[in-house]
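1. please work out how this folds:
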Amino acid sequence: MQWWKWLGLAGLAGVAATGVVVARAERRRRAYTPEEIRARLRDRHAEATATGAVGTPPPDSPA
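-> Predicted coordinates:
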């Protein structure tokens with residue numbers, strides 16, 4: 001029955017590591033102010049419209 005203990009500890013370590021990764025990603029997301037997020041979205045939209053990527057179908061589409 002000793003291998004059950006090791007399996008349980010490995011599972012617990014996996015859950016803890018996943019929690020750390022999720023918390024780190026959430027901290028990184030929340031580091032931006034709402035104004036910074038809006039500015040980044042506007043920049044991305046301007047870049048997409050400048051390249052014609054918004055609202056244009058692919059060249060081989062039937063529409």
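2. got a list of what the residue most central in space within the chain touches?
-> The chain has A25 as the residue nearest its centroid, 8.0 Å off, counting by Cα atoms, centre = their mean. Applying Cβ atoms under 8 Å, 6 or more residues apart in numbering, one finds that A25 lies in contact with no residue. (Each C-beta comes from the backbone N, C-alpha and C, glycine too.)
3. ok, now how distant is it from G14?
-> In this structure, A25 lies at 17 Å from G14, with Cβ to Cβ, to the nearest Å as the measure.
4. about what we covered before: which helix or which strand is home to the residue nearest to the centre of the chain?
-> Secondary structure from DSSP states H and E places A25 in helix 2-30.
5. now that helix: how far from the chain's centre is it?
-> Taking Cα atoms, centre = their mean, to the nearest Å, one finds helix 2-30 lying 18 Å from the centre of the chain it belongs to.
6. kindly report the same for stretch 40-52.
-> Chain-centre distance of stretch 40-52: 19 Å, with Cα atoms, centre = their mean.
7. then stretch 24-41?
-> Taking the mean C-alpha point of stretch 24-41 and that of its whole chain, the gap between them comes to 12 Å (Cα atoms, centre = their mean).
8. end to end, how far does that stretch reach?
-> Using Cα to Cα, to the nearest Å, the end-to-end distance of stretch 24-41 comes to 22 Å.
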